[in-house]
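**Q** Have a look at this prediction, sequence included:
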Amino acid sequence: MMKGIWVTRPKEELDSAKKIVEKYGFEFLGIPLIEFEKLNIPVLKENFEAIVFSSKTGVRFFFEEKFLRDILKKAKIVFCVGKETQSSLKNYLEKYSININLAPLPKKFQGEDLANLL
């Protein structure tokens, strides 16, 4: 009997998770329990030093807005909390031909270690 694994990722991320689960011989049970919604918020200040991305979803929503892509070019340094977030950011940077100063990843992918890099 094949064992199943429930995956509770957002709907748009289930396909990639399914490939991984099935690669290891498990039955995939995709249950999208969470959903992300982009909020329309104004940029409060253009006088800043750094930008921190904490998720690949945040990266995706950020790059949907041209004015935010333009602001990104003004950052002295950009941080990512984890490998997947950084990989997503690099893909968008390449897509839009944006060059930035990208900080190294924190040793542990949590806010406290990121703060130590700041």
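**A** All right, it came through fine.

**Q** Now for the residue lying closest to residue 48 once chain neighbours are set aside, how many residues are close by?
**A** Nearest non-adjacent residue to residue 48, counting by CB to CB, 6 or more residues apart in numbering: residue 75, 6.9 Å away. In short, each C-beta sits where N, CA and C put it, glycine included. Neighbour count for residue 75, taken as other CB atoms under 10 Å: 16.

**Q** List the buried residues in the lengthiest helix in the chain.
**A** Counting residues, the longest helix found in the chain (DSSP state H) is helix 83-95. Buried positions in helix 83-95, judged by neighbour count with 16 or more other CB atoms under 10 Å: 85, 86, 88, 89, 92, 93.

**Q** Stretch 27-38 now?
**A** 28, 30.

**Q** helices or strands up against the helix or strand residue 79 falls within?
**A** Per DSSP states H and E: residue 79 is located in strand 77-80. Counting contacts by 3 or more CB pairs under 8 Å, 6 or more residues apart in numbering; DSSP states H and E, strand 77-80 packs against strand 50-53, helix 83-95.

**Q** And residue 22, how far from residue 5?
**A** Separation of residue 22 from residue 5 (CB to CB, to the nearest Å) stands at 10 Å.

**Q** residue ranges of the helices in this protein, please?
**A** So, for the chain - with DSSP H - the helices run 14-23, 56-63, 66-72, 83-95, 111-117.

**Q** Mean neighbour count, those: which tops it?
**A** Ranked by mean neighbour count under mean count of other CB atoms under 10 Å, the helices of the chain are led by helix 56-63, which reaches a mean of 18.

**Q** Good, we can wrap up now.
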